[in-house]
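Colleague: sequence first, predicted model second:
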Amino acid sequence: MIRVLIVDDVKDDVDDITAAAREAGLSEDSLTVARTEGEANAHIRDYEFDLAVIDLCLSLPQKQPGKEEGLDVIARLHEEQPACRIIAKTTHRGLREAREALARGANDVVSSKWELLDWRTLLRQRLDFWRRMIDPSS
């Protein structure tokens, strides 16, 4: 079973990503959601993940500049589970934050502007890639 970690503090964004994951063929049991850095770290300690979608800023409602807890989650997940594919999600961060996410272990950085991003397609592509890595005959 493929396990996916979703780390985001915005309920609507979590709902969109989980709906897309289900449409991509994942069961509810394969999805784990964390809304804070602490929750994410606990899940990383307790489970092995194949794919993660991590928001760079988890500090709602204040969304303070410089508060990029998601970068710390990316670094920890990459260090503890280097085989996990990580998609960093940002709404308004710039190139510096994208580079930092990649430097800490993210494989992709995407904007969460929903009119620009089709989560179903993105997750299917990443899951298909992961499945081919595990079983090249599929």
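Modeller: Done, it's in. Computed from a predicted model, the values in this text were never measured in an experiment. Residues are numbered from 1 along each chain as shown.

Colleague: so where do the helices sit in this structure?
Modeller: 11-23, 37-46, 69-80, 95-104, 119-134 (DSSP state H).

Colleague: let me have these in JSON lines, extended by mean pLDDT.
Modeller: Listed next are the helices of the chain as JSON lines, based on pLDDT from 0 to 100:
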{"stretch": "helix 11-23", "mean pLDDT": "88"}
{"stretch": "helix 37-46", "mean pLDDT": "96"}
{"stretch": "helix 69-80", "mean pLDDT": "95"}
{"stretch": "helix 95-104", "mean pLDDT": "88"}
{"stretch": "helix 119-134", "mean pLDDT": "74"}
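
Colleague: most packed of those?
Modeller: Mean neighbour count (mean count of other Cβ atoms under 10 Å) peaks for helix 69-80 among the helices of the chain, with a mean of 20. Heads up, the C-betas are built off the backbone N, CA and C, glycines and all.

Colleague: between it and helix 37-46, what angle do the directions make?
Modeller: Here helix 69-80 points in a direction 10 degrees away from that of helix 37-46 (axes from the mean of the first three to the mean of the last three Cα atoms, to 10 degrees).

Colleague: so helix 69-80 versus helix 95-104, what angle?
Modeller: Going by the same axes, to 10 degrees, helix 69-80 makes 20 degrees with helix 95-104.

Colleague: OK, contacts around the residue nearest the centre of the chain?
Modeller: The centroid of the chain falls nearest to residue 53 when counting by Cα atoms, centre = their mean (0.9 Å). Taking Cβ atoms under 8 Å, 6 or more residues apart in numbering, we find residue 53 in contact with 4, 5, 6, 7, 8, 17, 87, 89.

Colleague: then residue 25?
Modeller: Neighbours of residue 25 in contact, by Cβ under 8 Å, 6+ apart: residue 127.

Colleague: could you measure from it over to residue 78?
Modeller: Here residue 25 is placed at a distance of 25 Å from residue 78 (Cβ to Cβ, to the nearest Å).
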